[in-house]
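Only the shape, not the letters, is given here:
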């Protein structure tokens, strides 16, 4: 019987941009089942999930390739519902396709894999004292780093979106970090190898970590 890995995007499924990265590392050992928190919602319904002042800001990809910006507080009940649906299906492992922080998010029945609980300590160990830089999708997310890297010296931050930015924006973000960092993390599950190559080209030799590739390698060891 083929094992199953549930994947929940905070946008809309299927994630044709990211799923191939994960499937590459799964090497056929598990079937990837995708659902999205925003599946089936209209543009008006998605717009109503936009963050209010002071709310935690998230962004993700919709089916048509565009991006949505949503409030963590507003989508949390919908995310919990998707977890319960996978639990009811008997899916043993669930991967949250988001590097944002979701304090208190748990599953009582299955293994919920949250990148935010894995990537920061892993990167801390890999950095080994080197100065860390983050590239995240939105400039307003710079103020949310305290929840992610509380045990680290706060990393330098620059913004370039995997959904709406082109190579020039990635080059500008990387240029703003040069001279201040010795390691760069692409801090969103939506970045892909094209984005990593753009940053690598502009960084002149600074190592670049791709979040979904790192999670794919680790998750493949658990299914």
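Done, it's in. Every value quoted in this text rests on a predicted model; they were computed, and no experiment measured them. Numbering: from 1, shown residues only.

all strands in this protein, in order from the N-terminus.
3-9, 30-36, 57-61, 67-71, 93-97, 111-113, 132-136, 156-159, 183-186, 208-210 (DSSP state E).

how about the ones you listed in TSV, adding distance to residue 166?
Yep, even glycine has a C-beta here, placed from its N, CA and C like the rest. TSV is the format used below for the strands of the chain (distance: least, C-beta to C-beta, whole Å):
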stretch	distance to residue 166
strand 3-9	22
strand 30-36	25
strand 57-61	16
strand 67-71	13
strand 93-97	23
strand 111-113	31
strand 132-136	14
strand 156-159	13
strand 183-186	15
strand 208-210	17
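
winner for burial among those?
Stretch with highest mean neighbour count among the strands of the chain: strand 132-136 (a mean of 26; mean count of other C-beta atoms under 10 Å).

Need the contact partners of it.
The list of residues contacting strand 132-136 from outside it, by C-beta atoms under 8 Å, 6 or more residues apart in numbering, reads 123, 142, 145, 149, 152-153, 155-160, 170, 173-174, 177, 180-188, 191, 199, 206.

That strand: how far from the chain's middle?
Distance of strand 132-136 from the chain centroid (C-alpha atoms, centre = their mean, to the nearest Å) equals 13 Å.

strands paired with it, and their directions?
strand 156-159 (parallel), strand 183-186 (parallel) (DSSP bridges).

For the strands of the chain, give me TSV that also has mean pLDDT and distance to residue 222.
Shown next, in TSV, are these (pLDDT from 0 to 100; distance: least, C-beta to C-beta, whole Å):
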stretch	mean pLDDT	distance to residue 222
strand 3-9	96	9
strand 30-36	96	9
strand 57-61	98	23
strand 67-71	98	28
strand 93-97	97	6
strand 111-113	95	7
strand 132-136	95	25
strand 156-159	95	30
strand 183-186	96	21
strand 208-210	97	19
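
Would you agree residue 56 is in contact with residue 72?
Yes. Residue 56 lies in contact with residue 72 (C-beta atoms under 8 Å); the separation is 3.8 Å.

what is in contact with the two at once?
Common contacts of residue 56 and residue 72 (C-beta under 8 Å, 6+ apart): 100-101.

returning to what we had before: tabulate the strands paired with strand 132-136 (CSV), appending distance to residue 93.
CSV is the format used below for these (distance: least, C-beta to C-beta, whole Å):
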stretch, distance to residue 93
strand 156-159, 31
strand 183-186, 24
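
between those strands, which one is nearest to residue 77?
Closest of the strands paired with strand 132-136 to residue 77 is strand 156-159, at 28.0 Å (criterion: C-beta to C-beta).

Show me the contact partners of the closest one.
Contacts of strand 156-159 with the rest of the structure, by C-beta under 8 Å, 6+ apart, involve 131-139, 141-142, 145, 172-174, 176-177, 180-181.

what residues are up against residue 203?
Residues counted as contacts of residue 203 (C-beta under 8 Å, 6+ apart) are 174, 177-178, 184.
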